[in-house]
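[1] Here's my sequence, what's the structure:
(chains A and B)
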Amino acid sequence: ILDNTEYLYKMCVFESFPIQSRQKQKKLLHTGMSKFTLILTSLNLQVLDKCKIFSSVSLLVFITFSVRSQDIRNTVGNIPMEWYKDYPHIGYDLDGKKLFKPIRNKDELDEFLDKMENPDYWRTVQDKMTGADIRLSDEQVDLVHRLQQGKFGDVNFNEYEPAIDFFSNEVMIHPVTNRPQDKRSFIPSLIEKEKVGKLVHAIKMGWIKPRRPKETTPQYYDLWAKEDPNSILGRHKMHVPAPKMKLPGHEESYNPPPEYLMSEEERLAWEQQDPEDRKLSFLPQKFACLRAVPAYSRFIHERFERCLDLYLCPRQRKMRVNVNPEDLIPKLPKPKDLQPFPTTQSLVYRGHSSLVRSISVSPSGQWLVSGSDDCTVRFWEVSTARCLKTVEVGGAVKGVAWNPNPSICLVAVSYDDTVVLLNPGLGDRLVCTASDQLISSYEEPEEVKDQLVQWAVAEGEGHEQGHRLILKHPKAVRQVTWHGKGDYLACVMPDNGSSLQVVIHQVSKRRTQNPFRKNKGLVQCVSFHPIRPYFFVATQRYVRVYNLIKQELTKKLMANCKWISSMAIHPGGDNVICGSYDCRLAWFDLDLSTKPYKVLRHHKKALRSVAYHRHYPLFASGSDDGSVIVCHGMVYNDLLQNPLIVPVKVLKGHTITHDLGVLDVTFHPTQPWVFSSGSDGTVRLFT
Amino acid sequence: MSQVQARFFTENKKYLVDDVPFSIPAASEVADLSGVINKLLEANHDGHKHVEFDFLVRGQFLRTKLANHMETENISTEEVVEIEYVEKFTAPQPEECIMHDDWISSVEADSEWILTGSYDKTARIWSMEGKAVMTVAGHTDVVKDVAWVKRDGLSSLLLTTSLDQTIMLWEWNSERNEVKARHCCRGHAGSVDTVAVDPSRTKFCSGSWDKMLKIWSAVPTVEEDEMEEHNRPRKKQKTEQMGLTRTPLMTISGHNEAVSSVLWMDAEELCSASWDHTIRLWDAETGGQKSTLTGNKVFNCISYSPLCRRLASGSTDRHVRLWDPRSKDGSLVLLSLTSHNGWVTAVRWSPSHEHQLVSGSLDNVVKLWDTRSCKAPLYDLAAHEDKVLCVDWTENGHDLCCYRVSSMI
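    Purely as a prediction, here's the structure:
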């Protein structure tokens, strides 16, 4: 209020009074400004508004008068009046005389009585500056009310009068102020000059780079110009709408048809179910009228579930690359297309009473020889499974091998430390007699060398049975194998500590040689190359290929397995398969690498024997799990094409006894038939 | 559909019925139809005895309900069905059981005698009653095949082939019960597995493991064939007991594997089956090959029926296959009869019935087939306890001799 008054007062003084009366104005200000009281100013407001139309003199007189008419004026200024609390006076008047506090002798009772009796009590206020009680007039009370309501003190004052913008952009004929322009507006600014100088210097020094030229490239481009129309379609296609809520059905009605209401058992069942398993998430209920329906207690829960549904629903269709695991498997021809191969068990050759360790087929394919732990060697007719001959030997037979040369009829049989060459007397009579003659035509050389092995000619009863030559070895012989020409015979005597593990016999000259000076590990099996003068020696982990003519190591094949059990050479001579006791079968391509070309792990137990077919692209493996697995192993003449290996058939038939299954497998020389001998004392033919 | 119009006919004059269509239930089976025919016959003839009949619908034996059969054979049920009926071939019963103490490799029967070859290196002659009449011993190894050459009166000629690479021609006098080795045919370099006598009974052909076919003369002579001079004394000594040595008239080579079976189609044509998966037809005069039938399994045996002019073959699988030897492309299997579980080791056409054949297999079963019912055999004869290696019919065609590897016939 004071500020307002002051402003008005100032306005009144500066705008309305003529210049010459400035001195008076100052005086007026000096005295009046601080002494305006609330009442005074509020009284003056009306007066001052009207003043504008009065002459300045009269206004001054009026003011002076009005001030004077108020009699006293405290000049202490705007100070806390408590300072005069302990004094009898309350301030000083214009003349410097003390203004004394009025006598206040009214006690509480008087005050109360006054309040009760005086009708103007509510509009009586005490002037703090003078201590006098003042009764407010009606106008003053109105003014107080208006001010309390936040209105302007003047009733007639229009606070929303249109504003007149004096200092606008419109150039007026007459200036708002007539003040001439400053001199400085004509003089270049030194500060600016300094600033410009600094900038120029900075530009010269290169501290500030001149503004880069505007980029001429277009700021906007057609976003969709190059877009693939399919992708747009795709985007539309990809659109996944938010999952819709199921529309409420009859069961959600407040008055569902009776078939929707649950019976007692259904309700019990519903309660016992897990909430996830329930068909309905609520129990349908019946109410007499809609008014009786209570608040839905699961509302928050349901909204939450809905939010979860929306939140967890797929936003986008993910195009997952669907790789069919079967596509990753290399394309192999179907076994059906690889016929012929043995598929069924056709004949069982029964007769042995113990496990049959080794079998061999005559080169003509008419006869089969089997050696067993019951110390016999049996000769069978292949086509009828008839045992034609049984030859007793002095120990459990470890290996039998029919001479591959069709013009010699000899079978090598190894048992204990002995190798016997038998003439079974089967097949062509001429061949049999020729073989006998070949053996009997031997002439003792003049100088007798010490042999590693004792050669003896069988006589007497042994000769009747077919024994022709007996070779006594220093150690137990495990395997015998013939060279393709039928003159050389290799024997394996596994022994870890000696260099005498492999011996090669020449039957026609009755000579024996030990091809190896050093022991390179426990020899498992040996084999002659079918065409070239190579000799394969399989130790526990490696297969060494020796050139017999140059007498040197040609190749060393690493089988990647723990313990090789058997080995077979492809009739073409460039591929070798090795079976091992750790269930693996490794195929080596000698032209390719010294590592296996392929490792097959089809058997569940140790492999005991592997064999190639002489003509058909087949090989077979026999294992302790009692099965023979026949695989198609095509070797191409084209050097660039790798062999094709496809397992075609699992042949089962042998029963497992003493944890041993199939002990030997061999193929028929001309037909796609495979023979297997097992620990159950049988030999089986699969065709 | 409950009724079918059917007309019955038969070729047997004895059982003729009226040639009128009958309405019979579609669900009727063989027994029902047989009852119908018997009723009709009883009505026509007074002294009719009940006869079991078998029924053929368009050349196929009825084995199921008539409706099912017609459905599978695509026969319209709207028309009158022609049903042929024949007297039912009764199940063969083992009449005699001839016990042999070793495996029998071959058997050949004629009207009076049965000739068997055995793994005990002998051949035997049995009477029809199962009595051992004669033992023919002379081979040094297993007898693989036997054949009758000729029987005129009391003396008869017979052939045995053996693993010892020889064929022996014996003369047997049934009155005196004497057997005499007339000739010993040498020339094969492997076991002689099969022999066949030509229809004129003057020649025979043998097939051997050495892949050769050899044609020999079956006429006994008193002169020895030409022999190498230098070892005559030794041979002479042998011939005293073994008969005169004979050499082949002709050798036919062409098979790549052992010859398993040979037969004469007629006087000029030979047929041989081999382990090289082929059946070859040869001209017996020139020894030239006429045609080849190629299978995909080893052939064990073949048989030819002049009645229906078909070849039946048994191979190292479970099927009996029928071939037409006249077909030029040579690989046509007319029909496969599948029911065995092992190698088929023997097949033989019935000499009197054009549709019947018998097969023996390593699964111990002999099966009697009718080619008009190719799905299943007529009868299984499962009396054997071991592998069947050979079967034969007797000449009148009604008795069946099947002989097994086991010591039993």
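
[2] Indicate the residue of chain B located nearest to chain A.
    B:Ala189 (4.8 Å; Cβ to the nearest Cβ). The C-beta positions use only the backbone N, C-alpha and C, and glycine is treated the same way.

[3] and the nearest residue to that residue once chain neighbours are set aside, helix, strand or coil?
    Nearest non-adjacent residue to B:Ala189, counting by Cβ to Cβ, 6 or more residues apart in numbering or on different chains: B:Asp210, 4.1 Å away. Under DSSP: H, G, I helix; E, B strand; the rest coil, B:Asp210 falls in the coil class.

[4] Now do the contacts for B:Asp210.
    Residues near B:Asp210 by Cβ atoms under 8 Å, 6 or more residues apart in numbering or on different chains: A:428, B:188-190, B:258.

[5] What is the nearest of those residues to A:His632?
    B:Ala258 (25.9 Å; Cβ to Cβ).

[6] need the contact list for the closest one.
    By Cβ under 8 Å, 6+ apart, the residues touching B:Ala258 are A:364-366, B:190, B:193, B:208-211, B:274-275.

[7] Reformat these as CSV; add pLDDT and distance to B:Thr292.
    Putting the contacts of B:Ala258 into CSV (pLDDT from 0 to 100; distance: Cβ to Cβ, whole Å) gives the following:
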residue, pLDDT, distance to B:Thr292
A:Ser364, 85, 23
A:Gly365, 85, 21
A:Gln366, 85, 23
B:Gly190, 83, 22
B:Asp193, 85, 20
B:Ser208, 86, 19
B:Trp209, 86, 20
B:Asp210, 84, 20
B:Lys211, 85, 15
B:Ser274, 87, 10
B:Trp275, 87, 14
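
[8] Just the buried ones from the residues you listed?
    For the contacts of B:Ala258, a burial check counting by 16 or more other Cβ atoms under 10 Å in any protein chain shown picks out A:364-366, B:190, B:193, B:208-211, B:274-275.

[9] about what we covered before: distance of the residue nearest to B:Ala189 from A:Asn560?
    Look at B:Asp210 and A:Asn560: by Cβ to Cβ, to the nearest Å, they are 46 Å apart.

[10] Check A:Val200 too.
    Distance, A:Val200 to A:Asn560, using Cβ to Cβ: 82 Å.

[11] Ramachandran angles for the residue nearest the centre of chain B?
    The residue lying closest to the centre of chain B (Cα atoms, centre = their mean) is B:Arg348, at 2.0 Å. The phi/psi pair for B:Arg348 (degrees, to the nearest 10) reads phi -150, psi 130.

[12] wait, it sits on B:Leu368?
    No. Counting by Cβ atoms under 8 Å, B:Arg348 stays clear of B:Leu368, with 10.4 Å between them.

[13] okay, and the common contacts of those two?
    Listed as contacting both B:Arg348 and B:Leu368 by Cβ under 8 Å, 6+ apart are B:357-358.

[14] Close to chain A: what parts of the stretch 201-350 of chain B are there?
    Counting by Cβ under 8 Å from any Cβ of the partner chain, the residues of the stretch 201-350 of chain B close to chain A are B:209-210, B:257-258, B:260, B:275, B:296-298, B:300, B:316-317, B:342-343.

[15] can you confirm B:Thr345 is in a strand?
    Yes. Under three-state DSSP, B:Thr345 sits within a strand.

[16] how about it, what does it touch?
    Contacts of B:Thr345 (Cβ under 8 Å, 6+ apart): B:300-301, B:314, B:360-362, B:387-390.

[17] can you rerun that using 6 Å?
    With contacts defined as Cβ atoms under 6 Å, 6 or more residues apart in numbering or on different chains, the neighbours of B:Thr345 are B:300, B:360, B:362, B:389.

[18] Out of those, list just those in strands.
    Counting by DSSP state E, the part of the contacts of B:Thr345 found in strands is B:300, B:360, B:389.

[19] So which residues of the stretch 151-300 of chain B form helices?
    With helices called from DSSP state H, counting those that start in this stretch, the stretch 151-300 of chain B shows them at B:232-242.

[20] ugh, wrong one, I meant the stretch 351-500 of chain A
    A:429-440, A:461-465.

[21] just checking, which of these sits deepest inside the structure?
    Mean neighbour count (mean count of other Cβ atoms under 10 Å in any protein chain shown) peaks for helix A:429-440 among the helices of the stretch 351-500 of chain A, with a mean of 16.

[22] contact partners of that one?
    So helix A:429-440 is contacted by A:408-410, A:423, A:425, A:468, B:165 (Cβ under 6 Å, 6+ apart).

[23] any chance of the ones in strands among the contacts of B:Thr345 in a markdown table, with neighbour count, distance to B:Asp54 and pLDDT too?
    Supplementary listing: the ones in strands among the contacts of B:Thr345 in a markdown table, determined by neighbours: other Cβ atoms under 10 Å in any protein chain shown; distance: Cβ to Cβ, whole Å; pLDDT from 0 to 100:
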| residue | neighbour count | distance to B:Asp54 | pLDDT |
| --- | --- | --- | --- |
| B:Asn300 | 24 | 30 | 85 |
| B:Gly360 | 32 | 23 | 82 |
| B:Leu389 | 28 | 30 | 72 |
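
[24] Read off the pLDDT value for residue 126.
    You didn't pick a chain, so chain A it is. pLDDT for A:Gln126: 84.

[25] could you do chain B instead?
    79.

[26] Spell out which parts of chain A neighbour chain B.
    Counting by Cβ under 6 Å from any Cβ of the partner chain, chain A comes close to chain B at A:346, A:366, A:428-429, A:687.

[27] Apply 7 Å and report the result again.
    A:340, A:346-347, A:366, A:384, A:386, A:427-430, A:670-671, A:687 (Cβ under 7 Å from any Cβ of the partner chain).

[28] Could you tell me which of these are located in strands?
    Those of these lying in strands (DSSP E): A:346-347, A:386.

[29] Most neighbours out of these, which is it?
    Among these, A:Leu347 has the most neighbours (other Cβ atoms under 10 Å in any protein chain shown), with 26 neighbours.

[30] what is it paired to in the beta sheet?
    When bridges are called by DSSP bridges, A:Leu347 pairs up with A:Leu685.

[31] Which pLDDT does the model give it?
    pLDDT, read off for A:Leu347, is 85.

[32] My read is that it contacts A:Ala385, right?
    Yes. Assessed by Cβ atoms under 7 Å, A:Leu347 is found in contact with A:Ala385 at 4.3 Å.

[33] hang on, the earlier thing: go through the helices of the stretch 351-500 of chain A and name the closest to A:Gly579.
    Here helix A:429-440 is closest among the helices of the stretch 351-500 of chain A (Cβ to Cβ), at 31.9 Å.

[34] Report the mean confidence score over the closest one.
    Averaged over helix A:429-440, pLDDT sits at 82.

[35] Using PDB, write down the CA coordinates of it.
    Extracted in PDB, the C-alpha atoms of helix A:429-440 (Å, rounded to 0.1, in the frame of the first residue of the first chain):
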ATOM      1  CA  ARG A 429      42.700-133.500 -57.100                       C
ATOM      2  CA  LEU A 430      45.400-132.300 -59.400                       C
ATOM      3  CA  VAL A 431      46.000-129.200 -57.400                       C
ATOM      4  CA  CYS A 432      46.200-131.200 -54.200                       C
ATOM      5  CA  THR A 433      48.700-133.600 -55.500                       C
ATOM      6  CA  ALA A 434      50.700-130.800 -57.000                       C
ATOM      7  CA  SER A 435      50.800-129.100 -53.700                       C
ATOM      8  CA  ASP A 436      52.000-132.300 -52.100                       C
ATOM      9  CA  GLN A 437      54.700-132.600 -54.700                       C
ATOM     10  CA  LEU A 438      55.700-129.000 -54.300                       C
ATOM     11  CA  ILE A 439      56.400-129.700 -50.600                       C
ATOM     12  CA  SER A 440      58.000-133.100 -51.100                       C
END
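
[36] for the stretch 101-250 of chain A, which spans come out with low pLDDT?
    For the stretch 101-250 of chain A, the stretches flagged by pLDDT under 70 are A:223-224, A:227, A:229, A:231-238.

[37] just the strands in it please.
    Counting by DSSP state E, counting those that start in this stretch, the stretch 101-250 of chain A has strands at residues A:124-126, A:133-135.

[38] Ok, which of those strands comes nearest A:Gly622?
    Nearest to A:Gly622 among the strands of the stretch 101-250 of chain A is strand A:124-126 (127.8 Å), distances taken as Cβ to Cβ.
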